[in-house]
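> give me coordinates for this.
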Amino acid sequence: TETGWPIAANPVGLGALPVKYGSPTVAMPGYDVQVLDDAGHPVAAGTLGNIVVKLPLPPGALPTLWQADQRMRESYLMEYPGYYKTSDAGFIDADGYISIMGRTDDIINVAGHRLSTGAMEEVLSGHQDVAECAVLGAADRLKGEVPLGFLVLKSGVNRPPLEIEKEAVQLVRDKIGPVAAFKSAVVVQRLPKTRSGKILRGTIKKIADGQDYKLPATIDDPVILTEITDALKSRGLIAEPG
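Numbering: from 1, shown residues only. Have a look, this model is predicted:
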């Protein structure tokens, strides 16, 4: 991060705290880490929100971006006045343990509920036949957004894709609950990625939403986008334009 030092860790030098799997533990001395809703109000312990650091940042943190003071203010300081925006989404539990659930771009709003696509991906990756997965928010006229899952199967799996898709939907329902409104999963051959390995979630979302998109210059194999489009069409999951 631009702070230059770990914001959260297990302070071994002060006496190690009990480990909670999935959490980097607590905020380090000098960092007042809080969780705010989209309007900038603090949320209750255990509630998903925007992870921020109350200003001023401690000594040693970078005060700005190189030759870009205005971009620093616009990117990190203006949205939540008095706080540094990390662009991470997560929660802090009653013991002060911080859990990062994804980037704020990965939090979707389903009928007024803020849900982590990262949490859904974690559940889907636990399926015995799934090698890789991605979940994103697809446009929905009634709910605003609904989660849509993409599954890449492990080599050698030859079970019917529809059967695996149904199991994946049930798995999210069992682990996260009906509030996730997770009803659609699609088995695909591959996920579109940049040459550095980053999944092109924005492009997949535009395909699902029926929007025009530009071919990303960094895509590893453009043919994958056609595969994604065909898979969505075969399930009737591409939104009508407008």
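
> count of neighbours near Phe179?
Not Phe; residue 179 is Val. 11 (other Cβ atoms under 10 Å). Glycine gets a C-beta too; all of them are placed from N, C-alpha and C.

> how far away is the residue lying closest to it once chain neighbours are set aside from Tyr80?
Leaving aside its chain neighbours, Val179 sits nearest to His113 (5.5 Å; criterion: Cβ to Cβ, 6 or more residues apart in numbering). Here the distance between His113 and Tyr80 works out to 21 Å (Cβ to Cβ, to the nearest Å).

> what about those two, which has more around it?
Set side by side, His113 and Tyr80 show more neighbours around Tyr80, with 20 against 13, by other Cβ under 10 Å.

> any idea which element that one lies in?
Counting by DSSP states H and E, no helix or strand carries Tyr80.

> tell me the phi and psi of the residue nearest the centre of the chain?
By Cα atoms, centre = their mean, the chain has its centre lying nearest to Asp106, at 3.0 Å. Dihedral angles of Asp106 (phi, psi; degrees, to the nearest 10) stand at phi -90, psi 10.

> gap between it and Ser75?
Asp106 is 18 Å from Ser75, by Cβ to Cβ.

> and Ile100, by the same measure?
19 Å.

> who has more neighbours out of those two?
Neighbours per residue, other Cβ under 10 Å: of Ile100 and Ser75, the larger number sits with Ile100, 17 against 14.

> bridging residues for the more buried one?
With DSSP bridges as the criterion, Ile100 is bridged to Gly90.

> show the contacting residues for it.
Each residue near Ile100 by Cβ atoms under 8 Å, 6 or more residues apart in numbering is listed here: 24, 51, 88-90.

> mind doing that once more with 10 Å?
8, 22-24, 51, 86, 88-91, 116, 118 (Cβ atoms under 10 Å, 6 or more residues apart in numbering).

> now it: how far from Gly60?
When Ile100 is compared with Gly60 (using Cβ to Cβ), they lie 21 Å apart.

> same check, this time on Met28
From Met28 to Gly60 the distance is 11 Å (Cβ to Cβ).

> so these two - more neighbours on which side?
Set Met28 next to Gly60 and count neighbours by other Cβ under 10 Å: Met28 wins out with 18 against 9.

> my guess is the more buried one contacts Val12, does it?
No. Judged on Cβ atoms under 10 Å, Met28 makes no contact with Val12 at a distance of 11.5 Å.

> show me the longest helix that occurs in this protein.
helix 161-175 (DSSP state H).

> who's in contact with it?
119-124, 126-130, 133, 135, 147, 149, 151, 153, 157, 159-160, 178-188, 231, 234-235.

> now do that helix: distance to the chain's middle.
20 Å (Cα atoms, centre = their mean, to the nearest Å).

> give me the buried stretch members for that helix, please.
By neighbour count on 16 or more other Cβ atoms under 10 Å, the buried set for helix 161-175 is 161, 164-165, 167-169, 171-173.

> which stretches of the protein aren't confidently modelled?
By pLDDT under 70, the weakly predicted segments of the chain are 1-5, 239-242.

> hey, where'd the strands end up in it?
With strands called from DSSP state E, the chain shows them at 8-9, 26-27, 33-36, 49-54, 83-92, 98-103, 107-110, 113-116, 130-140, 144-153, 184-187.

> need those in JSON lines with distance to Thr64, can you?
Output for these, formatted as JSON lines (distance: least, Cβ to Cβ, whole Å):
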{"stretch": "strand 8-9", "distance to Thr64": "23"}
{"stretch": "strand 26-27", "distance to Thr64": "22"}
{"stretch": "strand 33-36", "distance to Thr64": "21"}
{"stretch": "strand 49-54", "distance to Thr64": "15"}
{"stretch": "strand 83-92", "distance to Thr64": "12"}
{"stretch": "strand 98-103", "distance to Thr64": "22"}
{"stretch": "strand 107-110", "distance to Thr64": "27"}
{"stretch": "strand 113-116", "distance to Thr64": "31"}
{"stretch": "strand 130-140", "distance to Thr64": "33"}
{"stretch": "strand 144-153", "distance to Thr64": "35"}
{"stretch": "strand 184-187", "distance to Thr64": "44"}
